[in-house]
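Engineer: Please find the sequence and the predicted model below.
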Amino acid sequence: MKKLRSSNTRRFLKKDSPKESSVDFAFNKLMIYVSQRNHSVKELRAKLRRFYEDEHIDLAISRAETHGWLMKPEELALQASLTLHRKKKGFQFIRQFLKEKGLPEVAKDPLIEIEKAEKLLSKFKFPLSWAQESKARQFLSRRGFDFETISATLRQMKEQAK
């Protein structure tokens, strides 16, 4: 049976281990984050800022970029937007999400937006009463759809119900 080490033993082993700089520790932590999923540079800075100084973070990020471990912001934005499209999130939600992550915006496709909204509204029974239409508008608005998309979708679905 293996004997567990006490906290004093762990401290002793740490002292005897070869010294690593804070940049190396920041880089190791960054590697852990990147191995779990793709992160934007803004996200990595925010996560690493809890533990390390900005200059060490900058060096760790530049080292990761030279190794090619970080995705380009455009590719990362496209990947994130496709994931949110599959979850049937509206363009406003996607734009806000990308802004929070420090990623560039992606182009809006009105036809895809209307198609997603129609799929979400398929659970409503048409023709809608005024109260049901209000609930449908609120539902789509909470999912991140803009006013034009909501209006166009409701108009199309009313015409199809006739």
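Structural biologist: Yes, it's here.
Engineer: so after the strand or helix carrying Glu65, what's the next helix or strand?
Structural biologist: Applying DSSP states H and E as the criterion places Glu65 in helix 54-67. Next in sequence after helix 54-67, counting helices and strands by DSSP H and E, comes helix 73-86.
Engineer: Only the buried residues of that following helix, if you could.
Structural biologist: Within helix 73-86, the residues scored as buried using 16 or more other CB atoms under 10 Å are 73, 76-78, 80-81, 84-85. To be clear about C-beta, it is placed using only N, CA and C from the backbone, and glycine gets the same treatment.
Engineer: which element follows that helix toward the C-terminus?
Structural biologist: Criterion used, DSSP H and E; the element after helix 73-86 is helix 91-101.
Engineer: buried sites along the next helix or strand after that next one?
Structural biologist: Per DSSP H and E, the first helix or strand lying C-terminal to helix 91-101 is helix 110-121. Applying a neighbour-count criterion of 16+ other CB under 10 Å, one finds 113-114, 116-117, 120-121 buried in helix 110-121.
Engineer: Rounded mean pLDDT for helix 110-121, please.
Structural biologist: Averaged over helix 110-121, pLDDT sits at 92.
Engineer: what about the residue nearest to Phe145 when sequence neighbours are not counted, neighbour count?
Structural biologist: Nearest residue to Phe145, sequence neighbours excluded (CB to CB, 6 or more residues apart in numbering): Gly90, at 3.5 Å. The number of residues packed near Gly90 is 24, by other CB atoms under 10 Å.
Engineer: where's Gly90 relative to Glu75, distance?
Structural biologist: 22 Å (CB to CB, to the nearest Å).
Engineer: Just the pLDDT for Arg11.
Structural biologist: As predicted, Arg11 sits at a pLDDT of 43.
Engineer: same question, Ser17
Structural biologist: The score at Ser17 is 36. That number is its pLDDT.
Engineer: and if you look at the one 4 residues further on?
Structural biologist: As summarised for this prediction, Ser21 has a pLDDT of 70.
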